[in-house]
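> Predicted structure and sequence below. I'll ask about it afterward.
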Amino acid sequence: MYQYPQNLVQQIKSSWRSLADEKNYPDLPADDLLLNLLDVAYHASMEQEEARPLRFRLVFCSKKRLNRPQFAGGEESHSAAQFAAPRQFNVEELRRLAPVTDPSHVLIGVQPTSSVTESPLEIWGVVTCSRLRGLVDDIVRPDPAPWHLVVGSDRSGNVEVSCGSETIIRLGKGRLIPSAGSVFDDGPILGFFSPAIEEARTLLAEVDKVANLAAEGIWAEGVQDHFAGVFASMIRRMKQFGHGGTVVALPDDYTADDPRIRDLIDIKYVLQDLELRHAFHSFLKSQWNAARHGHPKVEGDEKIEPDKVRVMLRHLQTYNECLEHLERIIDLVAGLTKVDGAVVMTRNLRILGFGAEITAHSSLSEVAIAVDATGMFASRQKVAAFGTRHRSAIRLCANLESAVVFVLSQDGGPKAIKRIGRDVVLWPDVRLEGSARSRPRRKPN
């Protein structure tokens, strides 16, 4: 049985205060309520439902405050189903409710108890995450949680504390894991993939030479978030399959029979052309066209001309078709990890093959454990402490500085591995999604 740090409440408060002014975080609950929320969530994470870990997210707010403008995050809106009578907030109740709430978009609402009961908190209902979506929203990220304190768990002993969808603190098997932010926001992982992201931005600029892409802030940064979302969606699908997997990313000029990897990777199933790169670019172009031309502006009682309606519908249909195609290709690539061995691709999303055996050898005895996206590290860990899948990825990176490897174990979160100089650096339980930098925040009045 794991135990969480005794000073966890103080650490959450410290991290929360350091970001409160910049991010417009709402106030935290009193210490005793926060401790009760964490304690129940942590012990509920140890429960199982049909031999699977209990997965849930809790949002601390009342229904009345759910969509108040200063906390709703600008464009976001959420719907709630309130119970006729509140339920007690305890492990047993969470065990009953969690299986019927998909934590990717349904949260359990918790608030201070409205009557004298054994528990200081109560469950008032469930919240469905949604966004009043424009066509420039990032569709590949999970739906954003309400801009309130959120506590969730996806496996035994793991608890994540966030404000909305922005992580504050994570616990892994009772151990505090520093929040490094997305590896696609900063640092060497982003640096490795930057040429592919820049290629996609250039593609959009060529689609509409009249529009100033740089002036469209949500697009300049949104392309980066979309690119990160492809990998995040792939890892999520792998996780849903429940088998783990390895994805090796190489520079764009590498091929399946490249002599530079001949003694490092043996690709059993070589693919000539899997359309992930093309599907991603088509999606970006269709979304750009839909955003630019799919919302004709009207004033007052002005009617939209029939020709404009036809153009709008055509762009919307193309956008939906491209989105569905991209999602199918991502699912297909994730499914390739069911075969023993790694999926090998280039950083611009060209799939080289799957079922790859990493044959690299290395005498490396330790890896550096990153504490943030930049690759800064404060500790090292013995390579022998990791499982077979991780050790082979570490050996590959020790031999090939130009590679990035994502590893997902059956019972853990995704890890990223890359060599930086003489060190092989491992990012534990990484977050792959972009940071949604474009999402507006309103200051309270």
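That came through, no problem.
> what about S402, how many neighbours?
The tally of other residues near S402 (other CB atoms under 10 Å) stands at 16. (Each C-beta comes from the backbone N, C-alpha and C, glycine too.)
> E50 now?
Counted with other CB under 10 Å, E50 comes out at 5.
> ok, it to A279 distance?
Separation of E50 from A279 (CB to CB, to the nearest Å): 35 Å.
> pretty sure V343 belongs to a helix, no?
No - secondary structure of V343 (DSSP: H, G, I helix; E, B strand; the rest coil): strand, not part of a helix.
> what pairs with it across the strands?
Beta-bridge pairing for V343 (DSSP bridges): V247.
> same deal with the one 10 residues further on?
Beta-bridge pairing for G353 (DSSP bridges): V270, V344.
> shift numbering so it begins at 52
Noted, 52 is the first residue going forward, which turns the last one into G404.
> contacting residues for it?
Residues in contact with G404 (CB atoms under 8 Å, 6 or more residues apart in numbering) are A307, I318, K319, Y320, V321, L322, V394, V395.
> Kindly recompute the last result at 10 Å.
Residues near G404 by CB atoms under 10 Å, 6 or more residues apart in numbering: 307-308, 316-323, 325, 387, 392-396.
> now swap in F457 and tell me
234, 240, 282, 285-286, 289, 296-300, 393-394, 444, 465-468, 478, 481, 483.
> Apply 6 Å and report the result again.
Contacts for F457 were tallied using CB atoms under 6 Å, 6 or more residues apart in numbering; they are V298, P465, A467.
> what about the first one, how many neighbours?
The one in question is V298. Neighbours of V298 under the rule other CB under 10 Å: 26.
> That one reaches V394, doesn't it?
Yes - V298 is within contact range of V394, at 5.0 Å (criterion: CB atoms under 6 Å).
> Show me which of the contacts of F457 is closest to A149.
Each of the contacts of F457 was scored against A149 by CB to CB, and P465 proved nearest at 22.3 Å.
> gap between that closest one and R440?
From P465 to R440 the distance is 12 Å (CB to CB).
> Settle it for me: which of those two has more neighbours?
P465 (25 against 19).
> Am I right that T388 is in contact with R288?
No - the pair T388 / R288 is not scored as a contact, 8.9 Å apart, by CB under 6 Å.
> Compare those two (neighbour count), which wins?
Neighbour totals were compared for T388 and R288, and T388 leads with 23 against 18 (other CB under 10 Å).
> For that one, give its distance to R146.
Separation of T388 from R146 (CB to CB): 31 Å.
> check contacts around the closest residue to P154 other than its chain neighbours.
Excluding the flanking residues, the one nearest P154 by CB to CB, 6 or more residues apart in numbering is R108, at 4.3 Å. By CB under 6 Å, 6+ apart, R108 lies in contact with P154, L158, V201, G203.
> so how far is the helix or strand hosting R108 off the chain centroid?
According to DSSP states H and E, R108 maps onto strand 107-111. The gap between where strand 107-111 is centred and where its chain is centred comes out at 17 Å by CA atoms, centre = their mean, to the nearest Å.
> Give the buried residues for that strand.
For strand 107-111, burial by neighbour count (16 or more other CB atoms under 10 Å) applies to F107, R108, L109, V110, F111.
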